[in-house]
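> no sequence on this one, just coordinates:
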């Protein structure tokens, strides 16, 4: 089970997944809107995950 933490909304969910891409798909996340942080390290969408990992989703800020 992977713990997914949405940092902006302070929402936490547990998901069964083997990669960041699988979590993006299962939670219907728009990947361009987040930076993915696995166990304290920024990772790409193709990063694999193991049982017990924590994936934090940090929202990307943009503007002009």
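Perfect, I can see it now. Just so we're clear, the structure is a prediction, and the values are computed from it rather than from any experiment.
> tell me, how many residues neighbour residue 14?
Counted with other Cβ atoms under 10 Å, residues neighbouring residue 14 total 9. Any C-beta I mention is one placed from the backbone N, CA and C, and that applies to glycine too.
> and it, what element?
Using DSSP states H and E, residue 14 maps to strand 11-15.
> what's downstream of that strand, the next helix or strand?
helix 20-26.
> run a quick neighbour tally on the residue nearest to residue 31 when sequence neighbours are not counted.
Residue nearest to residue 31 in three dimensions, not counting chain neighbours: residue 24, with 5.1 Å by Cβ to Cβ, 6 or more residues apart in numbering. Neighbour count of residue 24, defined by other Cβ under 10 Å: 17.
> isn't residue 24 up against residue 45?
Yes: counting by Cβ atoms under 8 Å, residue 24 does reach residue 45; the two are 6.3 Å apart.
> list the contacts for residue 46?
19-21 (Cβ atoms under 8 Å, 6 or more residues apart in numbering).
> can these go into JSON lines with extra columns for distance to residue 57?
Formatted as JSON lines, the contacts of residue 46 follow (distance: Cβ to Cβ, whole Å):
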{"residue": "19", "distance to residue 57": "14"}
{"residue": "20", "distance to residue 57": "10"}
{"residue": "21", "distance to residue 57": "13"}
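> neighbour-wise, which of these leads?
Going by other Cβ under 10 Å, residue 20 tops the contacts of residue 46 with 25 neighbours.
> which residues touch it?
So residue 20 contacts 36, 38, 43-47, 49, 55 (Cβ under 8 Å, 6+ apart).
> how does it look with 10 Å?
Contacts of residue 20 were listed using Cβ atoms under 10 Å, 6 or more residues apart in numbering, and they are 2, 4, 29, 31, 34, 36, 38, 43-49, 53, 55, 57.
> just the ones in strands from the residues you listed, please.
2, 4, 34, 36, 38, 43, 55, 57 (DSSP state E).
> between which two of these is the distance greatest?
Of all pairs drawn from these, the greatest distance, 14.8 Å, lies between 2 and 34 (Cβ to Cβ).
> if we can go back for a sec, let me know the closest of the contacts of residue 46 to residue 62.
residue 20 (20.8 Å).
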